[in-house]
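Asker: could you look at this predicted model? Sequence included:
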Amino acid sequence: MNVADLTLQADVAHWSWTIALFLWFVGIAGMGSVAYYFSRKAPLAITIFASLVIGLLLVVSHLTRWWNLPVTIFYAVLELSFNFQSWMFWGFVILSVHLVFSAVVVLANIPYLQRFWFLRWGAVLNQSNLFLGGFAFAGFMATVYSGFLISTAAGVPLWNTALIPVLWVISASVATVAVLELFYVFGWVEEREAAFGLRIGMGLDVMKLLAVLAFIHISLTVGTMGAQIGAERMFSGDLAMLTWIGVIGIGILLPLAIGAFTLLFGKKKPLLAVSAVAALAGVLFLRAAVLLAGIWEPLVI
Amino acid sequence: MRLRRGQKPTRRLAHVWNEANCTACGACIIACTATNAPEMMHREEKGWNSLASNIRRIESANAQGRPTMLLNQCQHCEDAPCVHTCPFGAVYYNDDGLVAIDERLCIGCSYCVAACPYNVRWMHPDNGLPKKCMGQACLDLVAANQQPACVQACPANARDFGDLNDPNSSVTQTLRRLPNRVLLEKAGTKPKYFIVESAS
């Protein structure tokens, strides 16, 4: 057997750091919306909205024909050419709904705007469990979508696994807990919520570690040749530093160690800040490593 | 003409490459770029490290160390992942059974590039469109009952193009007569780019 044609997807399809940042912001906004159902704080609402807007701006900037988007939508509506089989189409729908919901929630959390009678309906909706349940669901689906988006890219065998949407939900949950920890450091949420978040966060870190190792192990051992080469790049190749130091060391083990220290010796805000920033960085590194590791299935001549 | 869901194409146009006849001269690759994207004639597709063309030449060596070569291009799959993933329906099957692109509906997301298991799409650096076989100029040639540029340019008759639904077409007869294979058959995409394995 003779392997030729090793092409990195990042060199041809150009899905690299811009898309990793998009997936990261969508994850923070998505699972942040689930957290908002339980912790209805203005900083969280603003973080969700800002993350979503920045994420969308990043992904639009990545389009090589972004200027054609209005024309495309016009013709797609006119000719009903939407592709319901495409996860990217559902992503447009889900992210649009999520953006509208998050705009309403931000509106309701800015007291200055409540003096305008025509904007008060936002505050009413923000009190509704049904509305916030819908907001949480839209956020969860946005995170799930960001996983399926790459899982269904059939050209890159490393990504063609059901584990990625699950891994994305777990890691986005880690990022949301980290955001809440940062809010506690800044004094924006109460200690009770932060303590709950710490225990949840440690459990999620362990699950994320298991999922990351399972992703690499399965791809290395039973994946196709393209998946194996991609996983090898993460395990021992040019992306090993990003995987072992960035994703696992900084992103999982450091927050776990700080969490264990905190449980034993009590909270230290500077340490919690380090833990939160490390966890957030780890979630970004995970998305970048998985994207950058993707190669096409080598064609055997 | 765009096929609607459930519609069958009137023709099933397919490419045939006879690897035994091929002399690896590269005329098809040059003809493809010169015909479909002449502005790219002296520019390379950086990800492939080769001339930006809808036909890719992949070189390697076999177990005995002898050089091997594969010409790769859009397979015009009958179950094409690029058609499944395009969010706004820019990538579609036409009534000739070819996978085509409607530029009005393309936003340049590169999802079709990442979704193609054959790695045959490339992003045009000037207009941001995902390019592949067949380019518009070749589609125009086919509409005028001519062969695509690569078939016309091949000096060794290693390339052919025709209708699989027509029992008298040269491609149907070649495929019936000579051993042939498709790439990544297990991917389940039903490719229509056939590699003939013995000289005709």
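Answerer: Looks like it arrived, so ask away.
Asker: please make it C-alpha for all contacts and neighbour counts, starting now.
Answerer: Noted.
Asker: need the contact list for residue A:58.
Answerer: Residue A:58 makes contacts with A:18-19, A:21-22, as judged by Cα atoms under 8 Å, 6 or more residues apart in numbering or on different chains.
Asker: now do residue B:3
Answerer: Applying Cα under 8 Å, 6+ apart, the residues contacting residue B:3 are B:9, B:92-95.
Asker: now, which of the residues you listed lie within helices?
Answerer: Among the contacts of residue B:3, no member falls in helices (DSSP state H).
Asker: now that we have those, which one has the most neighbours?
Answerer: Highest neighbour count within the contacts of residue B:3, by other Cα atoms under 10 Å in any protein chain shown: residue B:93, with 26 neighbours.
Asker: neighbours of residue 82, just the number please.
Answerer: Unless you meant another one, I'm taking chain A. 19.
Asker: let me rephrase: I mean chain B.
Answerer: When neighbours are defined as other Cα under 10 Å, residue B:82 has 27 of them.
Asker: that one and residue B:111, how far apart?
Answerer: As judged by Cα to Cα, to the nearest Å, residue B:82 and residue B:111 stand 7 Å apart.
Asker: that older thread, which of the contacts of residue A:58 fall in helices?
Answerer: Mapping those onto helices (DSSP H) picks out A:18-19, A:21-22.
Asker: relative to chain B, which of those residues is nearest.
Answerer: residue A:19 (10.7 Å; Cα to the nearest Cα).
Asker: okay, now the closest one: neighbour count?
Answerer: By other Cα under 10 Å, the residues close to residue A:19 number 19.
Asker: again, but for residue A:125
Answerer: 16.
Asker: distance of the spatially closest residue to residue B:159 that is not a sequence neighbour from residue B:160?
Answerer: In space, and not counting its chain neighbours, residue B:159 is closest to residue B:17: 4.7 Å by Cα to Cα, 6 or more residues apart in numbering or on different chains. Taking Cα to Cα as the measure, residue B:17 falls 7 Å from residue B:160.
Asker: now do residue A:45
Answerer: From residue A:45 to residue B:160 the distance is 61 Å (Cα to Cα).
Asker: out of those two, which sits in the busier spot?
Answerer: Between residue A:45 and residue B:160, counted using other Cα under 10 Å, the more crowded position is residue A:45 (26 against 20).
Asker: the more buried one is in contact with residue A:108, isn't it?
Answerer: No - assessed by Cα atoms under 8 Å, residue A:45 is found out of contact with residue A:108, at 9.2 Å.
Asker: following the lengthiest helix in chain A, which helix or strand comes up?
Answerer: The longest helix of chain A (DSSP H) is helix A:191-222. The helix or strand immediately downstream of helix A:191-222 is helix A:225-235, counting by DSSP states H and E.
Asker: now the angle from that following helix to helix A:191-222?
Answerer: 130 degrees (axes from the mean of the first three to the mean of the last three Cα atoms, to 10 degrees).
Asker: pull helix A:225-235 out as CSV, backbone CA atoms only.
Answerer: Written as CSV, here are the backbone C-alpha positions of helix A:225-235 (Å, rounded to 0.1, in the frame of the first residue of the first chain):
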residue,chain,number,x,y,z
MET,A,225,-5.9,6.2,7.8
GLY,A,226,-6.8,9.9,7.7
ALA,A,227,-8.2,9.8,11.2
GLN,A,228,-5.1,8.0,12.5
ILE,A,229,-2.7,10.5,11.0
GLY,A,230,-4.7,13.4,12.4
ALA,A,231,-4.8,11.8,15.9
GLU,A,232,-1.1,11.1,15.7
ARG,A,233,-0.4,14.7,15.0
MET,A,234,-2.3,15.5,18.2
PHE,A,235,-0.7,12.7,20.2
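Asker: that one: how far from the chain's middle?
Answerer: On the basis of Cα atoms, centre = their mean, to the nearest Å, helix A:225-235 sits 22 Å off its chain's mean C-alpha point.
Asker: so what's the closest residue to chain A within chain B up against?
Answerer: When you check chain B against chain A by Cα to the nearest Cα, the closest residue turns out to be residue B:117, at 3.7 Å. Residues counted as contacts of residue B:117 (Cα under 8 Å, 6+ apart) are A:154-156, A:296-297, B:81, B:187.
Asker: apply 7 Å and report the result again.
Answerer: Taking Cα atoms under 7 Å, 6 or more residues apart in numbering or on different chains as the criterion, residue B:117 is in contact with A:154-155, A:296-297.
Asker: look up phi and psi at residue B:45.
Answerer: Main-chain dihedrals, residue B:45, degrees, to the nearest 10: phi -90, psi 110.
Asker: pretty sure it sits against residue B:52.
Answerer: Yes - using Cα atoms under 7 Å, residue B:45 is in contact with residue B:52, at 4.6 Å.
Asker: near chain A, which residues of chain B show up?
Answerer: Within chain B, the positions adjacent to chain A are B:47-48, B:58-63, B:70, B:81, B:84-89, B:104-110, B:113-119, B:122, B:128 by Cα under 7 Å from any Cα of the partner chain.
Asker: which among the residues you listed end up buried?
Answerer: Neighbour-count burial (16 or more other Cα atoms under 10 Å in any protein chain shown) applied to the residues of chain B next to chain A gives B:47-48, B:58, B:60, B:70, B:81, B:84-89, B:104-110, B:113-119, B:122, B:128.
Asker: gap between residue A:187 and residue A:82?
Answerer: 46 Å.
Asker: state the helix or strand in which residue 25 lies.
Answerer: Looking at chain A here, since you left the chain open. helix A:17-38.
Asker: right idea, wrong chain: chain B
Answerer: In this structure, residue B:25 is located outside every helix and strand according to DSSP H and E.
Asker: kindly report the same for the one 10 residues further on.
Answerer: Assigned by DSSP H and E, residue B:35 falls within helix B:27-36.
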